[in-house]
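Peer 1: no sequence on this one, just coordinates:
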């Protein structure tokens, strides 16, 4: 099942590498990932989408919590949430095709 | 009132921080990136540096030092190959949750990422096998980073921490202040168990009629041997230990049924298979212990006490998980059990114990004690006798390691020092060095094999330089024993590259390193050789025991089999 995990972590170099390293080391899959600083510049929020059975998601969440850089992990699937996707499409359009 | 703080160079801050952290010994090897630190080391006496001959030796020695003392082991190496030579030792500490702090030099900050001389991304290379790592970017952060490193390495589930220090940081200066305490918002290990879970656990314990206590390395890391012993004795339950947990409960006690798992005793494995309540304490249900997961403890309800939530329900779903420090949880559980009248009585447990005694009657560890060719098990038993079970034993990896675990009964924790999780050959000799450095007045013995011992043999020089004596027992069967055993059982005796050709003359080799060597080929000579070796107080004594190469480790649970499907030695029938 598809899960959206939202993490708060220390905004340090290597923090993102640790999370992706954790996933690749255990052969878990990251379907999508985004990360940016919060209103507190020392803290970043990372939102990632992964999938797996309940046991796998439980293991992933526990391992993420174990990372020293990670402050908090929330599974957005646990509560009602609004999801929005943005797709950027690049079109080739020249001359008269631009209308 | 404001104390004016000293301005120190980074190298001096490093030394001062170690001193303020209470560190007395440091294992290391110099190089370009750490020359400023080595200069500062030269000018002081508070921290003793032990120069090894290979950085891997430094990591194993510091790891063993940590395992026997409970204090963090500290390593200092240079950049590039210095750091990469530490990776095996760091992974060894990681798999066994040992508190190790490894300081690696790094090229100056402006050269990082430039493919500079002796540059390697130490943080990147070690990331998968450390609890955490740090790259220091300013000298102002150095002291607090060191404090954090020790805090992370030694709390919660311990583990190795790497601190990468660029050379220019060690030359820069700033005011020195070593924090009294550290508070990391992103790292807060749980200590006390959940009250409701513990109540549920006690209810389940009260209903048990075929219980089993399964305790592992976590009970030792938590310094919980007293709590474990009184908890177990009060309940009168049988107890088994993992390879890493040996000694947490007295091995000579009648409630101890032996080690469990792939090479565990018949009675321990059968009891695991038939128990109705399993209490797992500081153990992680490793594959060497569980055998086939589908057949593991088929009728048991499981209580699991562990400080690491990710270990709980990782391989086997458990019924009552309790996250917390083993020492505290056992204390709280014992408190909850106080005054309860419904705990299982001796009479309630009598049928279970009778069954266990029947299994013990098989005498699964029996071997031919009359043999003239030296049996490796005999050497271990004699060693146990002569040291009265009180020595510090380090080991390498393979058959000799299993025999040491089976035949040397450990009554105390932190006496059995071996690489269980990673299974690193070469660990034994530098580990013995680290143990003896921590406890110079104790008897230390390294049990090894002809394949493992040559991997870190160069540390014999370190032992001579610093006057570190111990006994090395080489169970020489001229094979990579455990590999040979698997090839005999599962590959129809195709001994592919497991025969050790071109073995050195170990006696001459030991003497070349300045120590004492002996070769023993007859069973009748074993006892006197051991006695003589154990008397030596200045040098390493290397005893090359020429043993029976046909001996295999029994019992054995083959891969994919359950606890009840053990191979026993060919000269007996399975009940």
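Peer 2: Good, I have the coordinates. Not measured: the values here are computed from a predicted model.

Peer 1: got a list of what the nearest residue to residue B:444 once chain neighbours are set aside touches?
Peer 2: Spatially, and ignoring its direct neighbours in sequence, residue B:444 is nearest to residue B:470 (4.0 Å; Cβ to Cβ, 6 or more residues apart in numbering or on different chains). For glycine as for every other residue, the C-beta is placed from the backbone atoms N, C-alpha and C. Counting by Cβ atoms under 8 Å, 6 or more residues apart in numbering or on different chains, residue B:470 touches B:432-433, B:435-436, B:443-446, B:463, B:540.

Peer 1: Widest-spaced pair of those?
Peer 2: B:443 and B:463 (15.3 Å; Cβ to Cβ).

Peer 1: of those two, who's got more company?
Peer 2: Between residue B:443 and residue B:463, counted using other Cβ atoms under 10 Å in any protein chain shown, the more crowded position is residue B:463 (25 against 16).

Peer 1: Next one, pLDDT for the more buried one please.
Peer 2: For residue B:463, the model assigns a pLDDT of 98.

Peer 1: Would you mark the buried spots in stretch B:339-347?
Peer 2: The neighbour-count check on stretch B:339-347 (16 or more other Cβ atoms under 10 Å in any protein chain shown) flags B:343-344 as buried.

Peer 1: Could you check how far that stretch is from the centre of its chain?
Peer 2: On the basis of Cα atoms, centre = their mean, to the nearest Å, stretch B:339-347 sits 36 Å off its chain's mean C-alpha point.

Peer 1: tell me the centre residue of chain A?
Peer 2: Geometric centre of chain A, nearest residue: residue A:48, 1.7 Å, by Cα atoms, centre = their mean.

Peer 1: State the pLDDT value of that one.
Peer 2: Confidence score, pLDDT, at residue A:48: 95.

Peer 1: That one sits in which helix or strand?
Peer 2: Secondary structure assignment for residue A:48, by DSSP states H and E: strand A:43-51.

Peer 1: Against which helices or strands is that strand packed?
Peer 2: Applying 3 or more Cβ pairs under 8 Å, 6 or more residues apart in numbering or on different chains; DSSP states H and E, we find strand A:43-51 packed against strand A:2-10, helix A:15-25, strand A:30-37.

Peer 1: how far off strand A:2-10 does the helix or strand just after that strand point, in degrees?
Peer 2: Reading on from strand A:43-51 to the C-terminus, the next helix or strand found by DSSP H and E is helix A:54-66. Interaxial angle of helix A:54-66 relative to strand A:2-10 (axes from the mean of the first three to the mean of the last three Cα atoms, to 10 degrees): 10 degrees.

Peer 1: Give me the spatial nearest neighbour of residue 14, chain neighbours excluded.
Peer 2: You didn't say which chain, so I picked chain A. residue B:123 (6.1 Å).

Peer 1: that's the wrong chain, I wanted chain B
Peer 2: In space, residue B:14 is closest to residue B:37, 5.5 Å off (Cβ to Cβ, 6+ apart).

Peer 1: Can you give me the distance of the one you found to residue B:172?
Peer 2: In this view, residue B:37 and residue B:172 are 13 Å apart by Cβ to Cβ, to the nearest Å.

Peer 1: Those two - which one has more neighbours?
Peer 2: residue B:37 (27 against 16).

Peer 1: Show me what whichever strand or helix holds the more buried one is packed up against.
Peer 2: Applying DSSP H and E as the criterion places residue B:37 in helix B:35-42. Under the contact criterion of 3+ Cβ pairs under 8 Å, 6+ apart, helix B:35-42 touches helix B:10-20, helix B:167-171.

Peer 1: pLDDT at the closest residue to chain A within the stretch 351-500 of chain B, what is it?
Peer 2: Proximity of the stretch 351-500 of chain B to chain A (Cβ to the nearest Cβ) peaks at residue B:422, 14.9 Å away. pLDDT recorded at residue B:422 is 98.

Peer 1: Quick one: low-confidence residue ranges for the chain.
Peer 2: Because you didn't say which chain, this covers chain A. A:99 (pLDDT under 70).

Peer 1: that answer is for a different chain, and I need it for chain B
Peer 2: Looking at chain B by pLDDT under 70, you get B:1-3, B:572-575.

Peer 1: let's see it at 90
Peer 2: Applying pLDDT under 90 to chain B flags residues B:1-5, B:339, B:559-560, B:569-575.

Peer 1: So which residues on chain A come close to chain B?
Peer 2: Residues of chain A lying close to chain B (Cβ under 8 Å from any Cβ of the partner chain) are A:9-10, A:13-14, A:17-18, A:21, A:25, A:55, A:58-59, A:62-63, A:65-66, A:68-71.
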